[in-house]
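sharing a sequence plus its predicted fold:
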Amino acid sequence: MNRNSIFINYIIYIGLLFYLLIDTIAGILISKGFPNIGLLIKVFLILLMIINVSSKNFFYPVIISFFFSLLFIYAVYWFFIDNKFFSISFSNLFKIFAVMIIFIYCKNELSDDQISQIIKVNYIIFVANILLGSLGFGNNPYKYNGETVGTNGFFYSGNEITYTYICLLFLIIYTNRDRKTLFYLFNIFLSVLIGTKTGMLVVLLVLFSDMYFSTKNIIKKRLLIIAFIVSITLLFFLIKKFLMNNILVQMIIFKFNQSNRGSFSILNALLSGRIERIPVIREIYTSSWSFIKYLMGLGFVEVNKHPLEMDFFEMFYYYGIFGVIVLIIFYIYLLINAYKRRDLKQFSFIIITIIVSFFVGHVTYSVMGGVFFCLCNRNLKNIRINFGIKKKVNKVFILLYK
């Protein structure tokens with residue numbers, strides 16, 4: 001490895017090590033009216049990754065050339081159909097390809113020790129953001145009856161927070177050597193502080209998946225399923241009994257009690273009304289249907305003054321069958337790799353991600369969370385992170401006893 005390659009790798013590593021710190025600083029600056037420097041830094045890191053992987057293997061330049069060729073073809077197509085959201089269409093498609101480029105780099109260039117440090121440092125930065133946000137600093141994503149609900153910390157990209165957290169959660173519980181019960185409880189608490197409905201449900205699903213696949217005994221697995229169902233039932237009972245005055249609970253109940261939720265009221269409440277946008281974009285699509293639009297989509301389109309925010313539907317309607325095929329090939333590749341490693345935790349996490357991307361947005365083209373999703377799909381079996389929680393708790397008990 002020559003000096004230039006070593007230097008480029010080091011710059012990329014430092015960028016990934018403090019990846020969420022860059023987003024934190026960028027969020028603070030954006031709130032003060034400054035431009036998004038975080039985006040520029042991320043584009044710079046992706047360009048360095050392209051330079052690095054292109055010099056190592058003949059096959060990778062071919063893949064990257066294919067990505068940029070598609071970007072060019074789509075750009076020309078959007079120009080001719082006069083898509084008024086050209087920049088958004090282009091940037092979102094670039095983000096999808098960027099995540100795939102990040103995956104190629106993480107898979108081949110990062111060592112186990114580097115990945116361990118990247119996970120640990122970014123998790124600490126993320127937790128610090130959410131805890132500070134819960135104390136009144138930073139941004140709040142929701143308001144209900146004049147009160148703020150949930151927190152993004154200092155992060156500006158609010159819609160990507162939940163997905164970033166889910167990926168970090170998977171990485172932490174997969175690689176953690178400490179007693180996991182503490183992490184389970186702490187991360188459930190953290191998901192409540194963030195305050196998104198989908199986030200809280202997916203966090204419980206990821207934790208259950210980890211517990212289920214960590215247990216090899218069939219009887220214990222069945223007992224775990226029963227215990228999980230009983231725990232969820234008990235949780236709802238406790239919320240109804242003691243937390244009905246909590247502002248987050250009140251907002252969620254309000255969403256479920258809205259009368260204009262159509263035929264899928266519960267699902268629509270969970271998805272904050274996004275499912276109502278499907279018939280609207282389907283009408284836009286069918287009214288201007290052509291074979292070229294079937295292949296390449298409409299480009300970005302607003303639906304009731306909002307993006308669709310359901311990733312797989314967006315891929316089809318915005319980028320056509322070509323976009324869907326590229327995304328499916330990527331996910332199939334990840335699933336095959338996880339299956340070959342006999343890694344059921346990774347396999348189940350990819351399935352969870354695919355399911356989630358059918359119902360929410362900012363998953364497949366989240367560059368913020370995409371870095372950690374790429375790390376989730378690397379071979380993690382030799383990576384272990386030790387926060388020393390057990391030792392620290394024991395020291396506290398010893399001091400209290402004295």
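Sure, I can see it. Numbers count the residues shown, from 1 in each chain.

burial of the closest residue to residue 280 other than its chain neighbours, as a residue count?
Excluding its sequence neighbours, the residue lying closest to residue 280 (Cβ to Cβ, 6 or more residues apart in numbering) is residue 303, at 4.9 Å. C-betas here are computed from N, CA, C, even on glycine. Residue 303 has 20 neighbours, counted by other Cβ atoms under 10 Å.

center of the chain - which residue?
residue 163 (2.4 Å; Cα atoms, centre = their mean).

name the element that residue belongs to?
Residue 163 is part of helix 158-175, with elements assigned from DSSP states H and E.

which helices and strands does that helix pack with?
Applying 3 or more Cβ pairs under 8 Å, 6 or more residues apart in numbering; DSSP states H and E, one finds that helix 158-175 contacts helix 112-134, helix 180-194, helix 197-214, helix 344-359, helix 367-376.

would you mark the buried spots in the first one?
In this case it means helix 112-134. 114-123, 125-127, 129-130, 133-134 (16 or more other Cβ atoms under 10 Å).

equivalent analysis for the last one, please.
By neighbour count, with 16+ other Cβ under 10 Å as the criterion, the buried positions of helix 367-376 are 367, 368, 369, 370, 371, 372, 373, 374, 375, 376.

roughly how far out does it sit from the chain middle?
7 Å (Cα atoms, centre = their mean, to the nearest Å).

between it and helix 158-175, how many degrees?
Helix 367-376 runs at 20 degrees relative to helix 158-175, counting by axes from the mean of the first three to the mean of the last three Cα atoms, to 10 degrees.

again with the fourth one
Using the same axes, to 10 degrees, the interaxial angle of helix 344-359 with respect to helix 158-175 works out to 170 degrees.

kindly export helix 344-359 (C-alpha atoms) in PDB.
Extracted in PDB, the C-alpha atoms of helix 344-359 (Å, rounded to 0.1, in the frame of the first residue of the first chain):
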ATOM      1  CA  LEU A 344     -29.100 -15.100  11.500                       C
ATOM      2  CA  LYS A 345     -28.900 -11.800  13.400                       C
ATOM      3  CA  GLN A 346     -27.600  -9.900  10.400                       C
ATOM      4  CA  PHE A 347     -30.000 -11.700   8.100                       C
ATOM      5  CA  SER A 348     -33.000 -10.800  10.300                       C
ATOM      6  CA  PHE A 349     -31.800  -7.200  10.500                       C
ATOM      7  CA  ILE A 350     -31.700  -6.800   6.800                       C
ATOM      8  CA  ILE A 351     -35.200  -8.300   6.600                       C
ATOM      9  CA  ILE A 352     -36.300  -5.800   9.200                       C
ATOM     10  CA  THR A 353     -34.700  -2.900   7.200                       C
ATOM     11  CA  ILE A 354     -36.500  -4.000   4.000                       C
ATOM     12  CA  ILE A 355     -39.800  -4.200   5.800                       C
ATOM     13  CA  VAL A 356     -39.300  -0.800   7.400                       C
ATOM     14  CA  SER A 357     -38.400   0.800   4.100                       C
ATOM     15  CA  PHE A 358     -41.800  -0.100   2.700                       C
ATOM     16  CA  PHE A 359     -43.500   2.000   5.400                       C
END
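
which helices and strands sit right next to it?
Helices and strands touching helix 344-359, by 3+ Cβ pairs under 8 Å, 6+ apart, are helix 158-175, helix 197-214, helix 311-340, helix 367-376.

residues of whichever strand or helix holds residue 66 that come out buried?
Using DSSP H and E, residue 66 maps to helix 59-81. Across helix 59-81, burial judged by 16+ other Cβ under 10 Å covers 60, 64, 67, 70, 74, 77, 78.

quick one: distance of the helix or strand that that helix is followed by to the chain centre.
Of the helices and strands lying after helix 59-81 in sequence (DSSP H and E), the nearest is helix 86-109. Relative to the centre of its chain, helix 86-109 is centred 14 Å away, using Cα atoms, centre = their mean.

for helix 86-109, packing partners?
So helix 86-109, by 3+ Cβ pairs under 8 Å, 6+ apart, packs with helix 3-17, helix 37-54, helix 59-81, helix 311-340, helix 367-376.

ok, and what's touching the third one?
By Cβ atoms under 8 Å, 6 or more residues apart in numbering, the residues outside helix 59-81 that reach it are 50, 53-54, 86, 89-90, 93-94, 97, 100-101, 104, 292, 296, 298-299, 319, 322, 326.

return the set of buried residues in stretch 46-55.
Quick answer for stretch 46-55 (16+ other Cβ under 10 Å): 46, 48, 49, 50, 52, 53, 54.
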